[in-house]
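In: Output the structure for:
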Amino acid sequence: LCEGDVVESVNSIACESPEVAARLLRDATGQVCMVCVQAAHVDTQALVTMHSKVVECAVCFGLPRRPIEWPARCGHVFCASCAARCLLISGSCPLCRSVAPPCLRS
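Out: Numbers count the residues shown, from 1 in each chain. Below you'll find the model as predicted:
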């Protein structure tokens, strides 16, 4: 394991916490199959800053319900449901026309 890695499963048993992973590894006998993934880094300060700037959703003009950033990372924030509708209609940001990745447009 490298710093930042997380044990996802041991012998096909999901690990909900580091304690569960440690117990499964300690109790394992014989060959062990372990799946590890790199832990996601969440910049909490950036999230706080992003949400403090949001005044209203540019699609419905209401306070954003479950606010999310547009997938093209242009910095614009919308209600999750409004963003989903825009992805279905055009796939581009309603404010700046930044195009979302193709896998999200359908």
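
In: Let me see the ranges of the helices in the chain.
Out: 18-27, 44-53, 80-89 (DSSP state H).

In: Lowest mean pLDDT across those, which one is that?
Out: Here those differ in mean pLDDT, and the lowest is helix 44-53 at a mean of 64.

In: where's the closest residue to Cys15 other than its chain neighbours relative to Met34, distance?
Out: Closest residue in space to Cys15, ignoring its immediate chain neighbours: Ala21 at 4.0 Å, by C-beta to C-beta, 6 or more residues apart in numbering. C-beta coordinates here come from the backbone N, C-alpha and C atoms, glycine included. Ala21 is 8 Å from Met34, where distance means C-beta to C-beta, to the nearest Å.

In: the more surrounded of the two?
Out: Set side by side, Ala21 and Met34 show more neighbours around Ala21, with 21 against 15, by other C-beta atoms under 10 Å.

In: so where's the chain uncertain?
Out: Scanning the chain for pLDDT under 70 picks out 1-3, 40-54, 104-106.
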